[in-house]
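> What would the 3D arrangement of this be:
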Amino acid sequence: MVFDFLNPFAVLVDPVFSPLLALKPHIGLFVFATILTVIIYGINKLMINKKVAKEIKDKLAFVKENLTKAQKEGKKDEINKFLSEYMAINNQYLRQTFKVMIVTFIVVIILFPWANTKFSGVTVAQLPFALPFIGTTMGWIAWYFLVSITGSWLLRKIIGE
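Next up is the predicted model:
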């Protein structure tokens, strides 16, 4: 497999997640995906300064509004000014989120090999119909994405974001 070099990480996290193997695959992966979703959400909460992110978003909205107005009026000098300002502010926002993305990526690189070694080739869910590109069976990665997307949406709704 392409990611065999990551197997040492799977061995490291095995003592933590191996109790999930006693459960049915869909339930074990549900718990795994939920734990990983909560970890990633926590990383986002800890690393992103909400106040700074909101200020940046507000600045972006203000500049975009002025840019649109200048475009409608056909003022080329103002368009260039607002466009360069928009790009500078957007770079600030990208720097804020890029740090979080790297840490999240590291967490995923550490935990995904475990799921791959334990659930590779296992049918997690049998679908009553055929889906394009998936078929009638769902493997661990498709199940993970289904659970994590739903779980992160629910977590945000529960917390009130």
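> Could I get the full set of helices for the protein?
Ranges of helices in the chain, per DSSP state H, are 7-17, 25-47, 50-73, 76-119, 140-159.
> Setting aside sequence neighbours, what's the nearest residue to Leu127?
If the residues on either side of it in the chain are set aside, Leu127 comes closest to Thr136, at 5.0 Å by Cβ to Cβ, 6 or more residues apart in numbering. From N, CA and C alone the C-beta is placed, and that goes for glycine too.
> buried residues in stretch 136-151?
Buried residues in stretch 136-151, counted by 16 or more other Cβ atoms under 10 Å: 138-140, 142-144, 146-148, 151.
> need the helices of the chain in TSV with mean pLDDT and distance to Ala130, can you?
What follows is those, written out as TSV (pLDDT from 0 to 100; distance: least, Cβ to Cβ, whole Å):
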stretch	mean pLDDT	distance to Ala130
helix 7-17	79	31
helix 25-47	92	19
helix 50-73	89	41
helix 76-119	89	21
helix 140-159	91	13
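> if you compare the ones you listed, which one is most tucked away?
helix 25-47 (a mean of 17; mean count of other Cβ atoms under 10 Å).
> show me the contacts for Val122.
25, 139-140 (Cβ atoms under 8 Å, 6 or more residues apart in numbering).
> any idea how far Lys72 lies from Phe82?
According to Cβ to Cβ, to the nearest Å, Lys72 and Phe82 sit 12 Å apart.
> Dump the helices of the chain to CSV, plus distance to Pro132.
Converted to CSV, those look like this (distance: least, Cβ to Cβ, whole Å):
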stretch, distance to Pro132
helix 7-17, 31
helix 25-47, 21
helix 50-73, 36
helix 76-119, 22
helix 140-159, 12
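> For Gln126, find the nearest of those.
Proximity to Gln126 (Cβ to Cβ) singles out helix 25-47 among the helices of the chain, at 9.8 Å.
> any idea how far that closest one is from the chain center?
Relative to the centre of its chain, helix 25-47 is centred 10 Å away, using Cα atoms, centre = their mean, to the nearest Å.
> just checking, what packs against that helix?
Under the contact definition 3 or more Cβ pairs under 8 Å, 6 or more residues apart in numbering; DSSP states H and E, helix 25-47 sits against helix 76-119, helix 140-159.
> possible to save those helices as a markdown table with distance to Lys51?
Output for the helices and strands packed on helix 25-47, formatted as a markdown table (distance: least, Cβ to Cβ, whole Å):
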| stretch | distance to Lys51 |
| --- | --- |
| helix 76-119 | 11 |
| helix 140-159 | 17 |
